[in-house]
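> I need the structure of the sequence given here:
(one chain, ligands or ions: 2)
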Amino acid sequence: MNGKNNMNVPIIGIVSPCYNEELVLNETSFQLNSILSDLVERNCISEKSFAVFVDDGSKDKTWLRIEENAKQFKHIKGLKLAGNVGHQKALLAGLLTFKDDADALISIDADLQDDVRVIEEMIQKFTSGVDVVYGVRKERKTDTFFKKNTALLFYNLMKKMKVNIIHNHADYRLCSQRVLNALSEFGEVNLFLRGIIPSIGFSNDVVYYDRLERFAGESKYPFRKMAAFAWNGVTSFSNYPLKLVTIIGFLIFFFCLIMTGYALFALYAGDVVPGWLSTVLPMYFLGGIQLFCFGIIGEYIGKIYSEVKQRPRYFIDKRIE
Ligand code: UDP
Ligand code: MG
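Numbering: from 1, shown residues only. Ligands and ions are numbered 1, 2, ... in the order given. Predicted structure coming up:
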């Protein structure tokens, strides 16, 4: 504990990014506020504890709802970003803005898919000295077959590429202040928090929960965004795809050697047909592979480009306490 408060109980902050979540905010505010009030009453956390909704440039009445709820509920706060920057950066904005106001921050989705009942367990682990507590999904009963299996494929792929991520953990986690201070030193624009946090180190533990149905509204992560997110995760933490380019190149070179041997043999045996296929096919084949490899290298160059510009990752418009 950082001894920020006299009673020796920690100040806990909950950070929840929202994009077009007007339908869920009243319920989420109510639930988070109740949990915090209850924990304060039982003297588990400081009364300065809070839950902050980060409005990620929503186009609906999200900010209005946040303002209303901040008035109505004691522990609710709001942070409005200047525009839509995406879930990861919005979450980062919340974490970095409020890290000095709490001993630990818990990140959670606004749609109540992450079971709020394990918040208490996270706080208990933190109080007993753990720096990072990961929320890990027990089962994915409510996810579609497609989402479940693409997620599984993603986690396995990441493991193969030696990226250190926690299996079945999304962005539901508690981080102590010193972990957040470490996080603030990461300057990257291509954010993949699930990879960054484990790479920081410090002591960690997990709590298990069932992933629930979204309370209301629809997913802001369609397949296109999910795939982009997964690809960002791979290319931000692994050079394996670049290595793959080398491996593919070598295999093709090897294949060509064999083909040359075969062609010479066929020539020697007099078994030559005016070969259109054997000329054109390798051309297409090699052309395809080359483009693929250029593509991968290009992806990384694109990343370098966006990183060297060192542009700010978000701008804050308003803040309500
Ligand atoms: N979100 C955000 N900015 C975006 C997209 C989503 O802040 O550009 C928030 C969203 O409001 C929610 C969380 O990120 O609180 C997770 O999004 P969602 O529930 O749509 O994703 P899913 O659970 O379907 O993967
Ligand atoms: Mg969701």
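> interface residues of the protein facing ligand 2?
109, 111, 113 (C-beta under 5 Å from the ion). C-betas here are computed from N, CA, C, even on glycine.
> Could you report the pLDDT at the last one?
If I follow you right, that is Gln113. If you check Gln113, the pLDDT there is 89.
> for it, what are its contacts?
Counting by C-beta atoms under 8 Å, 6 or more residues apart in numbering, Gln113 makes contact with 142, 211-215.
> for Val54, helix, strand, or coil?
strand (DSSP: H, G, I helix; E, B strand; the rest coil).
> sorry, that was for Gly135
strand.
> mind checking how far it is from Tyr208?
Separation of Gly135 from Tyr208 (C-beta to C-beta, to the nearest Å) stands at 8 Å.
> If you count surrounding residues, which of those two has more?
More crowded of Gly135 and Tyr208, by other C-beta atoms under 10 Å: Gly135, with 26 against 14.
> residue contacts, the closest residue to that one other than its chain neighbours?
Once flanking residues are discounted, Gly135 sits nearest to Tyr172: 3.4 Å by C-beta to C-beta, 6 or more residues apart in numbering. Going by C-beta under 8 Å, 6+ apart, Tyr172 touches 106-109, 114, 134-135, 209.
> List just the nearest of those residues to ligand 2.
Of all the contacts of Tyr172, Asp109 has the smallest distance to ligand 2: 4.9 Å, by C-beta to the ion.
> you'd agree the closest one is up against Ser16?
Yes: with contact defined as C-beta atoms under 8 Å, Asp109 counts as touching Ser16 (6.8 Å).
> of the two, who's got more company?
Between Asp109 and Ser16, counted using other C-beta under 10 Å, Ser16 has the larger neighbour count: 26 against 22.
> What strands line up against the helix or strand that contains that one, and which way round?
Element membership of Ser16 [criterion: DSSP states H and E] is strand 12-18. Using DSSP bridges, strand 12-18 pairs in its sheet with strand 50-55 (parallel), strand 104-107 (parallel).
> and for Gly135 and Tyr208, which residues touch both?
By C-beta under 8 Å, 6+ apart, the residues touching both Gly135 and Tyr208 are Val118.
> Please identify the buried residues of stretch 63-81?
By neighbour count with 16 or more other C-beta atoms under 10 Å, stretch 63-81 contains the buried residues 63, 65-70, 73, 75-81.
> which strands and helices sit next to the helix or strand in which Lys71 is found?
Following DSSP H and E, one finds Lys71 within helix 62-72. Of the remaining helices and strands, those touching helix 62-72 by 3 or more C-beta pairs under 8 Å, 6 or more residues apart in numbering; DSSP states H and E are helix 25-41, strand 50-55, strand 76-81, strand 316-320.
> Next, see if the first one gets close to ligand 1.
It stands for helix 25-41. No: figure legend: helix 25-41 not in contact with ligand 1 (C-beta under 6 Å from any ligand atom); closest approach 8.8 Å.
> buried residues in that helix?
Per 16+ other C-beta under 10 Å, helix 25-41 contains these buried residues: 25, 28-29, 31-33, 35-36, 39-40.
> all strands of the stretch 201-321 of the chain, in order?
Secondary structure of the stretch 201-321 of the chain by DSSP state E, counting those that start in this stretch: the strands cover 204-209, 316-320.
> Deepest-packed of those, please.
Among these, judged by mean count of other C-beta atoms under 10 Å, the one packed with the most neighbours on average is strand 204-209 (a mean of 18).
> Paired strands for it, with orientation please.
strand 132-137 (parallel).
> what angle separates the helix or strand following the strand it pairs with from strand 132-137?
Next helix or strand after strand 132-137 toward the C-terminus (DSSP H and E): helix 145-160. Per axes from the mean of the first three to the mean of the last three C-alpha atoms, to 10 degrees, the angle that helix 145-160 makes with strand 132-137 is 140 degrees.
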